[in-house]
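# fold the following, please.
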Amino acid sequence: MENALLIGLSRQAVLERQLDVVANNVANVDTTGFKADRPMFEEYLKSGAHEDNFKGSDRSVSYVQDRGTFRDFEQGATQSTSNPLDVAVDGSGFLVVQTAGGERYTRDGGLQLNNQGQIVTANGDPVLGTSGPIVLQPTDHDINVSPDGTISVLEGSGRTDSVRGKLRLVSFTDAQKLLKEGSNLYAAGEGNTAQPDTKSVVKQGFLEKSNVNAVAEMSTMMEVTRAYTQIATLLQQQSDLHKTAIQQLADVPT
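Predicted structure coming up:
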């Protein structure tokens, strides 16, 4: 197969991957606390010419190689909800969630109470405090979440605050090692240990929106689709050229 076809196919492969990443970002434009993914590509040089008249750098053929994706952890905009159990983390911290697979981490602060009075995520997983799951009593009211994550309530007819726990906030030295597991949760990843986060601030009555720029992502999607179509046209032209050449070479003068 000629170099033009190989290069075109390598470019189409990474464009398909880029389109998948962009489409996933667009699909999560309204997902609370979602962090966009960004594709990474690099040039891959491979020797393709072996004749003596191709010397030096002219021997190398430039392909496109998919290097994977990285997370864009830029802070998303916050939206007021006036719900006392909604919290937005201002900073690089994550809430800690207890799941069947162990501790997981999230930026989705849309919290609620389950039947046992535990503060849980929308999927029903307990949100951990510094001393384990945070449980409210049936008579608790006027829930207050302080900027450091301390949760206090008024109990029964009393007017004195009772502390029910403190949200556990953690951060990571290398957040790029976090692994997305679905349901807006991250796993720590190999060799990536959660550290207590004392710099992030909790904002009660707010949710952090997705950091996906819908307009920019749609523009990128159109650019990727256009580039894919152009390469497909080029490859078809190359195929037609080969076909014509073979047909003409096969014609034997009579």
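# and the helices in the protein?
3-27, 214-250 (DSSP state H).
# ranking those helices by burial, who's on top?
helix 3-27 (a mean of 17; mean count of other CB atoms under 10 Å). Bear in mind the C-beta positions are built from the backbone N, C-alpha and C, glycine included.
# tally of neighbours for V170?
V170 has 19 neighbouring residues, counting by other CB atoms under 10 Å.
# look at it and report its pLDDT.
pLDDT, V170: 97.
# what's in contact with stretch 76-88?
The contact list for stretch 76-88 (CB atoms under 8 Å, 6 or more residues apart in numbering) reads 33-35, 90, 95, 107, 109-113, 119, 143-145, 167, 202-211.
# and it, how far out from the chain's middle?
21 Å (CA atoms, centre = their mean, to the nearest Å).
# for that stretch, output the C-alpha coordinates as PDB.
The C-alpha trace of stretch 76-88 is given here as PDB (Å, rounded to 0.1, in the frame of the first residue of the first chain):
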ATOM      1  CA  GLY A  76     -16.800  24.900  36.000                       C
ATOM      2  CA  ALA A  77     -19.300  27.700  36.600                       C
ATOM      3  CA  THR A  78     -21.400  27.500  39.700                       C
ATOM      4  CA  GLN A  79     -25.200  27.600  39.700                       C
ATOM      5  CA  SER A  80     -27.400  28.600  42.600                       C
ATOM      6  CA  THR A  81     -30.000  26.000  43.600                       C
ATOM      7  CA  SER A  82     -31.000  27.100  47.100                       C
ATOM      8  CA  ASN A  83     -31.000  23.400  48.100                       C
ATOM      9  CA  PRO A  84     -29.200  23.100  51.400                       C
ATOM     10  CA  LEU A  85     -27.800  19.700  50.500                       C
ATOM     11  CA  ASP A  86     -26.300  20.900  47.200                       C
ATOM     12  CA  VAL A  87     -22.600  21.800  47.500                       C
ATOM     13  CA  ALA A  88     -20.000  23.000  45.000                       C
END
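# what's the burial count for the nearest residue to N123 once chain neighbours are set aside?
Spatial nearest neighbour of N123, excluding adjacent residues (CB to CB, 6 or more residues apart in numbering): S183 at 5.2 Å. Neighbour count of S183, defined by other CB under 10 Å: 14.
# over to R104?
The local packing of R104 (other CB under 10 Å) involves 23 other residues.
# likewise for A194?
Neighbour tally, A194, other CB under 10 Å: 18.
# how about T31?
Counted by other CB under 10 Å, the residues lying close to T31 total 15.
# pretty sure it is touching L207, no?
No - counting by CB atoms under 8 Å, T31 sits too far from L207 to count as a contact (10.6 Å).
# name the residues contacting each of these two.
D108.
# closest one to G129 among the helices of the chain?
helix 3-27 (31.9 Å; CB to CB).
# tell me which strands and helices that closest one is in contact with?
strand 37-47, strand 60-71, helix 214-250 (3 or more CB pairs under 8 Å, 6 or more residues apart in numbering; DSSP states H and E).
# got the ones you listed as a markdown table, with distance to G129 and mean pLDDT columns?
Shown next, in a markdown table, are those (distance: least, CB to CB, whole Å; pLDDT from 0 to 100):
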| stretch | distance to G129 | mean pLDDT |
| --- | --- | --- |
| strand 37-47 | 30 | 72 |
| strand 60-71 | 26 | 72 |
| helix 214-250 | 35 | 82 |
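# can you redo the ones you listed as JSON lines with distance to G8?
As requested, the helices and strands packed on helix 3-27 are exported to JSON lines (distance: least, CB to CB, whole Å):
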{"stretch": "strand 37-47", "distance to G8": "14"}
{"stretch": "strand 60-71", "distance to G8": "10"}
{"stretch": "helix 214-250", "distance to G8": "5"}
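# looking at the ones you listed, spot the one closest to K177.
Across the helices and strands packed on helix 3-27, closest to K177 is strand 60-71 (CB to CB), at 9.6 Å.
# domain-wise, how is this protein divided?
The domain map for the chain lists 3-73+212-250, 78-208, with the assignment taken from automatic domain parsing.
# could you identify which of the ones you listed is most buried?
For the domains of the chain, the largest average neighbour count (mean count of other CB under 10 Å) is found in domain 78-208, namely a mean of 16.
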